[in-house]
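Trainee: here is my input, please return the structure:
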Amino acid sequence: AGRSFIIPARQHHSLQLKQDFKALVIMAEESDIEFVK
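Mentor: So this is what the prediction gives:
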């Protein structure tokens, strides 16, 4: 069990994580995920 977040398509967003996590991501082929430190 966990939490689910739905972010609408083409909506610019960012996330700040406070601990390690596992994720299942469903997104359009032309989308990108960028990880920064």
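Trainee: from now on I want contacts and neighbour counts done on CA atoms only, so please keep to that.
Mentor: OK.
Trainee: where does pLDDT dip in this protein?
Mentor: Segments of the chain classed as low confidence (criterion: pLDDT under 70) are 1.
Trainee: redo that, cut-off 80
Mentor: Per-residue confidence for the chain (pLDDT under 80) gives these ranges: 1-2, 36-37.
Trainee: from Ala28, how far out is Lys22?
Mentor: From Lys22 across to Ala28, the span is 20 Å (Cα to Cα, to the nearest Å).
Trainee: which one of the two has more residues nearby?
Mentor: In terms of neighbours (other Cα atoms under 10 Å), Ala28 is the more surrounded of Lys22 and Ala28; the figures are 9 against 5.
Trainee: and the more buried one, how far is that from Ala9?
Mentor: Ala28 is 8 Å from Ala9, where distance means Cα to Cα.
Trainee: for Arg3, same thing?
Mentor: Computed with Cα to Cα, the distance linking Arg3 and Ala9 is 19 Å.
Trainee: looking at the two, which is more packed in?
Mentor: Taking other Cα under 10 Å, Arg3 and Ala9 do not tie; Ala9 has more neighbours (9 against 4).
Trainee: secondary structure element holding Glu22?
Mentor: Check again: residue 22 is Lys, not Glu. When secondary structure is defined using DSSP states H and E, no element contains Lys22, which sits outside every helix and strand.
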